[in-house]
Each structure stands twice: as structure tokens, then as C-alpha cells.
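In: I need the structure of the sequence given here:
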Amino acid sequence: MTRSRESAAPVSIILAAGKSTRMKSALPKVLHEVCGRPMIEYVLEAARGAGIGRQVVVVGHAAEAVKTALANQADLEFALQAEQKGTGHAVMMCRDALAAHDGPVLILTGDAPLMRPASFLALLDEFQSNSAACVIGTAETVNNHGLGRIVRDDHGEFQRIVEQKDATPVEAAITEINVGCYVFDCRKLFSALAEIRPNNKQGELYLTDCCGILKSRGDTVVAAKKLDIVEALGVNTRAQLVEVHRALQATFFESLMASGVTIVEPAQTYIDLRAEIGPDTIIAPFTAIEGPVKIGANCRIGPHAVVTGSARIADGTVVGPFERAGG
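Out: Numbering: from 1, shown residues only. Reported below is the predicted structural model:
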């Protein structure tokens, strides 16, 4: 019997099989928390915000721990990469899951929690408007050390991705970089994956090789500068985890203050992104607000207060110095 094809609605593949090697941690990298939540949850949420209704998460290292952490998310399915042999190999593990899919596939990494839905939508629009086989998400940065460079021809068209170790001095100076976010035509993706080889120092199968294979076939491959370097920040070290945390907190604090909340000293305050806080509430320094707390209007919290997830703080409440609310 012939297998029927699914609709052309986009699906996503989230790469989440890696270890926390550089973080010196037994915890899978994507489960390290940023502002109270595993970083992969931000990626999944951003994909949903772009209209992705089906997501395939590639797990490997401590696979059961990742599955357990995401068990309450109904739109997910999992593919196992038992051996970590590169990004291309990870995507190959999704072949059976996507065998009936005939449409775009958004490929993301689970350790880039600053990605925004608008950027994903922009890449999907590029894919559609160019009838592309592949769209590569790129960003501009002078801090390009260690990152894949986007090489274009004299007409500005994509030619290839060059890794740092393989770059000539001219290529090393390129400031447009690959951020590891792609949209592929599903059928063409798996056809190209069948041709990639581990011809590199790491002996791995690289997803980026598919871009060159598709271009060599005459398919349209677009490098789209639709992301900024802040959202492209991935997490490989604990120092980068702190960078991402600060970026998320800064954005959230700005939205809270725009809605009428006073945060006296943002650098000395922690607020979970799931918290809801009413206008004219003042958050004093050295206060920690953890979990999906709800704080009303005209409250004063702190200094040195702790408010946790079960707390529901009524309008006009004072949680004084060194007090704790919630459980």
C-alpha cells in the first residue's frame, strides 16, 4: 500500500543529544536551566510561536532524562541518536518519523534559548518565496572566531559554509556567520544526507555538507541574514549560560518596567520569566522571585525577600526584608 503524504505544514527537528562536556556536568546540556526553565523549553516555545505544531526532538546522552523532563509536552516525539556522530547523523535518526512528510523542516539546536519566533517565520518565508531546497539562518558579528563563515559570490549569492579551521585569511575576515538554524525541503534533505561522508578531522557527519550537495545539484540554497547575534548565542559553557540568563532577564525586566513595575536594582534581582507582577509594585534589591508567582498591584517586595512558585500575593501586600512567601 502506498504511504500517503502529510500536509506541507512545517515540522521542526530539535537537536538535543549532546553531552555537557565543556560544562563539566552529568546533566544533559539542554536541561540546564535558564531563568528557572530548561533551556530547550525556550526553543520549543519559540518554534510553537512560529506555528510549528509537530516537533521531533533528537535525544542521545541521558535520553530518558530529557524525555522525562519534557513528558508533559504533547506536541513532541523523540528520535534516538544512540551514538553521537555529528549533526547530519542526528538528523538521519529522524528519517522514519518524517517518512511521510512532504514539506519544510525547521532544524534547530536545543541549546539556543534566545531564538525568536519572528526569526523562524522569516526563514520560513524565505523558503517559500524562493522555492528553496534549503535556507540557512545567518547573523552578522565581528566576534566570529570559531564560527562557520558564509561565503557568497560576486552577486551576493550563497556559495558555501567555511569552518574556522579551513578558512583562508580572506574567508576568516567574513563577519556573516552560520547560526545553526535551517529550513530544508524534507525530501531533498534526506536525499542529500545519504551523500554526506565523515571527511573531516572529527570523523563526523555534518549537516552543513547538505547545503553544498543541494547547491551542486542545481537546487536553490539561500543564506538569509534574519537573526541577530544575541539570539544566535548558544550555550556550550557555564559562562555562556550566564550570558543567556542575563539577556533573558534584561528583556523581561524591560517588559515588566514598561508595564508599571519598579525594579530598583535589576543587577541585584532575580525574577522567573513565568512570574506575573501588577503595576505600581516595587521590587527591592536582593529579592528572588522563583516560579509562576502571581504578585498583585501596589505591592512592595524585599529587600532580601524570597517569593516562590505557589505564592499568590494580593494587591497592596508588603513582603518585608528577609521574609519568604510561597512554598
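
In: residue 248: neighbouring residues, count only.
Out: A count of nearby residues for residue 248, using other C-beta atoms under 10 Å, gives 19. Yep, even glycine has a C-beta here, placed from its N, CA and C like the rest.

In: quick check, it in a helix?
Out: Yes - according to DSSP: H, G, I helix; E, B strand; the rest coil, residue 248 belongs to a helix.

In: the closest residue to it other than its chain neighbours: neighbour count?
Out: Spatial nearest neighbour of residue 248, excluding adjacent residues (C-beta to C-beta, 6 or more residues apart in numbering): residue 35 at 5.0 Å. When counting by other C-beta under 10 Å, one arrives at 21 neighbours for residue 35.

In: tell me who's in contact with residue 35.
Out: Neighbouring residues of residue 35 by C-beta atoms under 8 Å, 6 or more residues apart in numbering: 245, 248-249, 252, 272-273.

In: now it, what are its backbone angles?
Out: phi 50, psi 40 (degrees, to the nearest 10).

In: distance of it from residue 123?
Out: 25 Å (C-beta to C-beta, to the nearest Å).

In: next: residue 152.
Out: 17 Å.

In: and for residue 74?
Out: Residue 74 is 25 Å from residue 123, by C-beta to C-beta.

In: give me the more crowded residue out of these two.
Out: residue 123 (25 against 5).

In: got the buried residues for the helix or strand where the more buried one lies?
Out: For residue 123, the enclosing helix or strand under DSSP states H and E is helix 117-129. Residues of helix 117-129 classed as buried under the neighbour-count rule (16 or more other C-beta atoms under 10 Å) are 119-120, 122-124, 126-127.

In: ok, the residues you listed vs residue 223, which is closest?
Out: residue 126 (9.5 Å; C-beta to C-beta).

In: does the closest one touch residue 223 like I think?
Out: No - using C-beta atoms under 8 Å as the test, residue 126 is too far from residue 223 to be in contact (9.5 Å).

In: overlap in contacts, the two.
Out: residue 135.

In: now stretch 46-57: mean pLDDT?
Out: For stretch 46-57, the mean per-residue pLDDT is 96.

In: ends of it, how far apart?
Out: 14 Å (C-alpha to C-alpha, to the nearest Å).

In: show residues contacting it.
Out: So stretch 46-57 is in contact with 9-14, 16, 40, 44, 66, 70, 75-79, 94, 97-98, 106, 108, 110, 115-118, 120-121, 124, going by C-beta under 8 Å, 6+ apart.

In: now do stretch 25-32
Out: By C-beta under 8 Å, 6+ apart, stretch 25-32 touches 16, 18-20, 23, 38-40, 61-62, 65-66, 69, 110-111, 235-236, 241.

In: tell me the SS of the closest residue to residue 151 other than its chain neighbours?
Out: Leaving aside its sequence neighbours, residue 151 sits nearest to residue 159 (C-beta to C-beta, 6+ apart; 4.6 Å). Put simply, residue 159 is strand when judged by three-state DSSP.

In: so what's the residue count around residue 159?
Out: Neighbours of residue 159 using other C-beta under 10 Å come to 15.

In: for it, report the pLDDT, please.
Out: 91.

In: please report the distance of it from residue 129.
Out: Taking C-beta to C-beta, one finds residue 159 at 21 Å from residue 129.

In: wait, what's in contact with the nearest residue to residue 200 once chain neighbours are set aside?
Out: With sequence-adjacent residues excluded and distances taken as C-beta to C-beta, 6+ apart, residue 200 is closest to residue 206, at 6.7 Å. With contact set as C-beta under 8 Å, 6+ apart, residue 206 has these partners: 86-88, 196, 200.

In: just those residues: which has the poorest pLDDT?
Out: residue 200 (78).

In: gap between it and residue 166?
Out: Where residue 166 is concerned, residue 200 sits at a distance of 9 Å (C-beta to C-beta).

In: where does pLDDT dip in the chain?
Out: Applying pLDDT under 70 to the chain flags residues 1-7.

In: center of it, which residue is that?
Out: For the chain, the residue sitting closest to the mean C-alpha position, by C-alpha atoms, centre = their mean, is residue 112 at 3.3 Å.

In: quick check: it touching residue 180?
Out: Yes - Residue 112 lies in contact with residue 180 (C-beta under 8 Å); the separation is 7.1 Å.

In: now residue 263: phi and psi?
Out: The phi/psi pair for residue 263 (degrees, to the nearest 10) is phi -110, psi 100.

In: who's the closest residue to it other than its chain neighbours bridged to?
Out: Take residue 263 and drop its neighbours on the chain: the residue closest to it by C-beta to C-beta, 6+ apart is residue 283, 4.8 Å away. Listed by DSSP bridges, the beta-bridge partners for residue 283 are residue 263, residue 301.

In: show me what contacts residue 283?
Out: With contacts defined as C-beta under 8 Å, 6+ apart, residue 283 is in contact with 261-264, 269, 271, 277, 289, 301-302.
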